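Trainee: model the structure of this input:
(2 chains, ligands or ions: 5)
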2 protein chains.
Amino acid sequence: MAFLKSWFPIPSGSHFSLANIPFGIISTESSPKPRVGVAIGDHALDLQAFAKHNGFSALSTIQPFQAVFSELNLNAFAALGRPVHSVVRKYIQSIFAADTVHPDVLKDKPELQKLALIPLKDVINHIPFKIGDYTDFYSGLNHAVNCSRILRGIGGLQPNYKQLPVGYHGRASSVVVSGTPIKRPSGQILETPQAKAPIFSACRKLDFELELGCFVCKPNDMGDPVLIDKAEENLFGVVLMNDWSARDIQSWEMVPLGPFNAKNFGTSISAWVVTMDALEPFLTQGIENDQEILSYLREPRKENVYDIKLNVDLKTNSGKSKTICKTSAKNLLFSFPQMLAHHTVGGCPFNVGDLMGSGTISGKDDRDSYGALLEQTENGQIPIKFDSGEERTFLLDGDTITFTGVCGNDPEQLVGFGECSGMILPAVKF
Amino acid sequence: MAFLKSWFPIPSGSHFSLANIPFGIISTESSPKPRVGVAIGDHALDLQAFAKHNGFSALSTIQPFQAVFSELNLNAFAALGRPVHSVVRKYIQSIFAADTVHPDVLKDKPELQKLALIPLKDVINHIPFKIGDYTDFYSGLNHAVNCSRILRGIGGLQPNYKQLPVGYHGRASSVVVSGTPIKRPSGQILETPQAKAPIFSACRKLDFELELGCFVCKPNDMGDPVLIDKAEENLFGVVLMNDWSARDIQSWEMVPLGPFNAKNFGTSISAWVVTMDALEPFLTQGIENDQEILSYLREPRKENVYDIKLNVDLKTNSGKSKTICKTSAKNLLFSFPQMLAHHTVGGCPFNVGDLMGSGTISGKDDRDSYGALLEQTENGQIPIKFDSGEERTFLLDGDTITFTGVCGNDPEQLVGFGECSGMILPAVKF
Ligand SMILES: [Ca+2]
Ligand SMILES: [Ca+2]
Ligand SMILES: [Mg+2]
Ligand SMILES: [Mg+2]
Ligand code: NI
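Mentor: Ligands and ions are numbered 1, 2, ... in the order given. Below you'll find the model as predicted:
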């Protein structure tokens, strides 16, 4: 897409350039009812207010559906389908374009600007979707290789790993928006690997997992698989996702039915959902699969994952920050369309707002490209050192983890996700 | 509870005696909007119609909340809490009692009887709750022992099995009401145990799992565990549940993150939810745990599971039926309160309408007490024989599985679940 200049001041380096236009759910202190907005520079455009004041006067297709912008979540807007998301985003881009052909809509309306453009510092973000079901995949091959080495010796991957996107059903009720504090979970752990019986304890190996999440915008009935060629039509957009993980609870509980309480105490997502359209220019090839996959998973194009520059910052409870991980979201073996095609191949039904997580994204070689502390510290053996002299193996109470993600190099045209952050609160006293 | 006689004809042997009063969501052809009802004998009492015609005139506590009976699911009624469920059930029992002190409400009102009492044969049952999250446990110890022997050799249970109710997050969107046909899933299977690569195929080992499901009526916030002493207050009632399972898909996909597509193509539940109050007289001791469990799982009483007589009928696609399994629901190592206490101990939040499955219920010794074909046929090695000469190892297209469950011995006072059934439809053609 050609570079879009705006009449509206968008700071250089903003994640929310005119090339982006991500959707979210917003409110303010003075207007506390959640509604739909888009992020643009360091402002949110309140689409409820925008619609009410004839903002969509030059886009007839959306006019019968403007009530979706007053909803408490994006589900109704998303359900309108990819072509509608596309025209709404392009229309908003055109309204903000320096050479807009509709200056009467917003550019020449300072009162409406004052009403509908809210500084992001005054915006309260809410969970963008009502999530019916949430599934977490495990498609970060480098993470899977590291985990199987660290936890099970140099065993390598399971035989199914490259044949299908391995995943498990997660806990939809535990998905929260960036900024929500995360209470350290308690549960059963083995005090030593040799222990015969578990003890009850607050988690001692609290970790993050660097992932992407993808929201579904089109339902499929039970018994009706979504074919791989059509799967992208069913996807609304992408967020950063932190699948907080209690490693000690996990290792005791997970055989044979998979992770459970180790993962259901909280999963954080970024507030602004970046649309599939906005991400399209950043498609690239993922990790090459050296096995032949079955035809129901074969995609028409090789560029099926996104080159999103991901950073993880750890701010300790003393306030010192360090970027502990830099990697790219292209480090995936399977794409979201492949995940959806696999998930539905047996007939599993999806609803609008269902969420799929990518699995932890780790780079291949450098320790500081790994997307979890388990890998970075070799399960607690190699601490991360801070200039302040502090060290971390796993997270302490008061620590904050912040993910950022951004596509593109030109600071005037970034397509970014903002941040996904969460601070650890002390465990419940039993 | 003393025996309750009714002025209303309730057939002897009915699952829905006056001692029961289970809740469900009903509609009819002539009145297709779903609403709340209770089952009584071979009728449903339409609580929307009943409420509208002053049926609750003698129960002031429910009057401000009567709109809950017009809802599309039981969530709003359930959210009113255990004490309200209790008084509503008792009130309905009192209205139907032979010696009712309120004959003016229904007994002496033939027009209202005609309007609000619908023969069950004319009732369309709907899924009783909007299910936010669904979790399936694995607390049927005999099933777990059988599975580990059949699938992994005489290995025995995992070390965690007796310390915690092992479970996995299931797919809420795939839970359907009894009577919904189930399409055979397709997916990746290994054609032989030695195969190096999977093939794509319709499932060849389609199975059922005999379980109970339990609905939650009280939410807990993220980070707020439900303590074991309080857990029962959070439970609304119980249904029969068939966790349809594709054994060949399962064995290939499930290591290391648990069952996925093998379980998410459909899970059937019975339509009428039997309340915790109705089940209370049938509490009994479950399978004894020979390990000491941690205090957060210790219950005040030993009687924590239900003596429900469970039957499984298999009707083949030629129309021949056979009861292939008889057992009791007391064959569980952990109770629903224990499952909820464990599930929330790390802070996992629940919403009203969330569903927990018990795990497959199998008796200890006899093959025909086993709650899955995997166990009954030793993974397909020992066919079940029908008088007609037919044989089954796993389910064929057109076969129907029907669960029934009932508490009590006096045919005038049964507390039953009706049935949970589903017929297998052929796989999608790819
Ligand atoms: Ca994960
Ligand atoms: Ca099961
Ligand atoms: Mg999580
Ligand atoms: Mg199931
Ligand atoms: Ni009595």
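
Trainee: how close does A:L206 sit to chain B?
Mentor: Distance, A:L206 to chain B, using CB to the nearest CB, to the nearest Å: 11 Å. The way it works is simple: take the backbone N, C-alpha and C, and place the C-beta from them, glycine included.

Trainee: for that residue, what are its contacts?
Mentor: A:184-185, A:244-247, A:394-395, A:424 (CB atoms under 8 Å, 6 or more residues apart in numbering or on different chains).

Trainee: give me the longest helix you can find in chain A.
Mentor: Longest helix in chain A by number of residues (criterion: DSSP state H): helix A:82-96.

Trainee: after it, next one along is what?
Mentor: Downstream of helix A:82-96, the first helix or strand assigned by DSSP states H and E is helix A:110-116.

Trainee: same for that following helix, what does it pack against?
Mentor: strand A:43-46, helix A:47-52 (3 or more CB pairs under 8 Å, 6 or more residues apart in numbering or on different chains; DSSP states H and E).

Trainee: could I get the CA-only coordinates of that helix as CSV?
Mentor: The C-alpha trace of helix A:110-116 is given here as CSV (Å, rounded to 0.1, in the frame of the first residue of the first chain):
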residue,chain,number,x,y,z
PRO,A,110,-13.2,20.5,15.2
GLU,A,111,-16.2,19.8,17.5
LEU,A,112,-16.5,16.2,16.3
GLN,A,113,-12.8,15.8,16.6
LYS,A,114,-12.9,17.0,20.2
LEU,A,115,-15.8,14.7,20.9
ALA,A,116,-14.7,11.5,19.2
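
Trainee: helix, strand or coil for A:L314?
Mentor: Each residue gets one of three states, and A:L314 gets strand by DSSP: H, G, I helix; E, B strand; the rest coil.

Trainee: nearest residue to it other than its sequence neighbours?
Mentor: Among residues not flanking A:L314 along the chain, A:I324 sits closest, at 5.0 Å (CB to CB, 6 or more residues apart in numbering or on different chains).

Trainee: now do A:S358
Mentor: A:L212 (4.4 Å).

Trainee: and the one you found, what element?
Mentor: Using DSSP H and E, A:L212 falls in strand A:210-216.

Trainee: residue in chain A with the shortest distance to ligand 2?
Mentor: Using CB to the ion, the single residue of chain A nearest to ligand 2 is A:L257, 9.2 Å away.

Trainee: that residue: what's it in contact with?
Mentor: B:138, B:166-168, B:258-259.

Trainee: and the residue of the stretch 251-400 of chain A found nearest ligand 3, how far is that from A:L240?
Mentor: Nearest to ligand 3 in the stretch 251-400 of chain A, going by CB to the ion, is A:T267, at a distance of 3.3 Å. As judged by CB to CB, to the nearest Å, A:T267 and A:L240 stand 11 Å apart.

Trainee: now A:L333
Mentor: Applying CB to CB to A:L333 and A:L240 gives a distance of 19 Å.

Trainee: between the two, which one's more packed in?
Mentor: Using other CB atoms under 10 Å in any protein chain shown as the criterion, A:L333 and A:L240 rank with A:L240 on top: 29 against 25.

Trainee: and stretch A:330-350, end to end?
Mentor: 25 Å (CA to CA, to the nearest Å).

Trainee: and it, anywhere near chain B?
Mentor: Yes. Under the criterion of CB under 8 Å from any CB of the partner chain, chain B is reached by stretch A:330-350 at A:342-343, A:345-350.

Trainee: one more: stretch A:398-411?
Mentor: No. Stretch A:398-411 stays clear of chain B (CB under 8 Å from any CB), getting no nearer than 15.6 Å.

Trainee: can you list contacts of that stretch?
Mentor: For stretch A:398-411, the surrounding residues in contact (CB under 8 Å, 6+ apart) are A:3, A:12-13, A:15, A:19, A:208, A:210, A:212, A:240, A:242, A:270, A:279, A:281-282, A:306-317, A:329, A:392, A:395, A:414-424.

Trainee: buried sites along stretch A:232-244?
Mentor: A:232, A:234-244 (16 or more other CB atoms under 10 Å in any protein chain shown).

Trainee: thinking again about what came up before, how near is the residue of the stretch 251-400 of chain A closest to ligand 3 to B:N351?
Mentor: Distance from A:T267 to B:N351, counting by CB to CB: 16 Å.

Trainee: which of the two has more residues huddled nearby?
Mentor: Neighbour count, other CB under 10 Å: between A:T267 and B:N351, A:T267 has more, with 27 against 17.

Trainee: roughly how far apart are that one and A:V238?
Mentor: Here A:T267 is placed at a distance of 15 Å from A:V238 (CB to CB).

Trainee: also A:Q93?
Mentor: Going from A:Q93 to A:V238 by CB to CB gives 19 Å.

Trainee: do the same with A:N331
Mentor: For A:N331 relative to A:V238 (CB to CB), the value is 15 Å.

Trainee: what segments of the stretch 151-300 of chain A are strands?
Mentor: Applying DSSP state E, counting those that start in this stretch to the stretch 151-300 of chain A gives strands spanning A:167-169, A:175-177, A:182-183, A:186-189, A:199-202, A:206-207, A:210-216, A:235-242, A:245-246, A:267-269, A:274-275, A:283-285.

Trainee: which of the residues in the lowest-mean-pLDDT helix or strand in chain A are buried?
Mentor: Within chain A, no helix or strand scores below helix A:141-152, which has a mean of 91 by mean pLDDT, DSSP states H and E. Of all the residues in helix A:141-152, those buried under the rule 16+ other CB under 10 Å are A:141-148, A:150.

Trainee: which one of those is nearest B:I118?
Mentor: Of all the buried residues of helix A:141-152, B:I118 sits closest to A:A144, with 54.8 Å by CB to CB.

Trainee: now do the contacts for that closest one.
Mentor: A:138, A:157, A:161, A:166, A:359.

Trainee: switch to 7 Å and redo it
Mentor: Counting by CB atoms under 7 Å, 6 or more residues apart in numbering or on different chains, A:A144 touches A:138, A:157, A:161.

Trainee: A:S173 now?
Mentor: Per CB under 7 Å, 6+ apart, neighbours of A:S173: B:132-133, B:349-351.

Trainee: how far off centre is the strand holding A:L212?
Mentor: Chain-centre distance of strand A:210-216: 4 Å, with CA atoms, centre = their mean, to the nearest Å.

Trainee: can you dump the C-alpha atoms of that strand in CSV for me?
Mentor: The C-alpha coordinates for strand A:210-216 follow below in CSV (Å, rounded to 0.1, in the frame of the first residue of the first chain):
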residue,chain,number,x,y,z
LEU,A,210,5.2,-15.0,24.1
GLU,A,211,2.4,-15.8,21.7
LEU,A,212,0.1,-14.3,19.1
GLY,A,213,-3.7,-14.7,19.4
CYS,A,214,-6.1,-14.7,16.5
PHE,A,215,-9.8,-14.0,16.7
VAL,A,216,-12.4,-15.8,14.6
